[in-house]
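1. Give me coordinates for this.
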Amino acid sequence: MHIKASVKQTALFTLFLILTLFPAAVMATMDVSLAWDPNTESNLAGYRLYAREAGEADYTYVEWEGTDTYCTIEGLDRYESYYFVVRAFDYEGNESGDSNEVYLPSGLDGDDRRLDTGGAAGGGGGGCFIGSLF
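-> Now for the predicted structure:
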């Protein structure tokens, strides 16, 4: 019984040290909100936002899906760079091409969250253009 308590105390103490000495490693996440122009197709079912980290080649996984023209992605690694695109989809599941690609650089603090929207409106995405980060 005394050994079990000692192991539990050691584990709790170790966790305390990690949280105390390395808080940035535990709290190094951020949320990002994106907004885009609406698609005007009559058979629009919604939008899918894809994200990829710098160095990844393709947009494989849907990070968000819905009917709004904005979304928030939570828990991104603050020290990683990200790229985002939006695709509109219809009721049969067909997706448009990619919107403009936006870039969110790593290491951003507080309100200093600037993204590169990739230039002028347009691109694919069936009329989607990611134009703001809030």
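
2. shaky segments in this protein?
-> 1-27, 108-134 (pLDDT under 70).

3. The same query, at a cut-off of 50, please.
-> Within the chain, the stretches with pLDDT under 50 are 1-5, 7-8, 10-19, 23-25, 110-113, 119-126, 134.

4. can you give me the strands in it?
-> Here the chain has its strands, by DSSP state E, at 29-36, 44-53, 62-66, 70-77, 82-90, 102-104, 130-133.

5. could you redo the ones you listed as CSV and give each row distance to S96 and mean neighbour count?
-> Bear in mind the C-beta positions are built from the backbone N, C-alpha and C, glycine included. Below are the strands of the chain laid out as CSV (distance: least, CB to CB, whole Å; neighbours: other CB atoms under 10 Å):
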stretch, distance to S96, mean neighbour count
strand 29-36, 12, 18
strand 44-53, 9, 18
strand 62-66, 14, 14
strand 70-77, 17, 14
strand 82-90, 4, 22
strand 102-104, 16, 20
strand 130-133, 13, 17
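
6. Which residue comes closest to N39 once chain neighbours are left out?
-> Leaving aside its chain neighbours, N39 sits nearest to A88 (4.1 Å; criterion: CB to CB, 6 or more residues apart in numbering).

7. Would you mind confirming that that neighbour makes contact with T40?
-> No. Using CB atoms under 8 Å, A88 makes no contact with T40, being 9.6 Å away.

8. residues near E92, how many?
-> 7 (other CB atoms under 10 Å).

9. Just give the closest residue to it, not the sequence neighbours.
-> Closest residue to E92 apart from its sequence neighbours, by CB to CB, 6+ apart: N43 at 7.9 Å.

10. contacting residues for that neighbour?
-> N43 sits next to D90, Y91, E92 when contact means CB atoms under 8 Å, 6 or more residues apart in numbering.

11. Columns distance to V102 on top of those, output as CSV?
-> Output for the contacts of N43, formatted as CSV (distance: CB to CB, whole Å):
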residue, distance to V102
D90, 23
Y91, 27
E92, 27
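
12. wait, which of the residues you listed is closest to S81?
-> Distances from S81 to those, taken as CB to CB, are shortest for D90 (31.7 Å).

13. so what's the closest one closest to, chain neighbours aside?
-> N43 (4.4 Å).

14. No further queries at this time; thank you.
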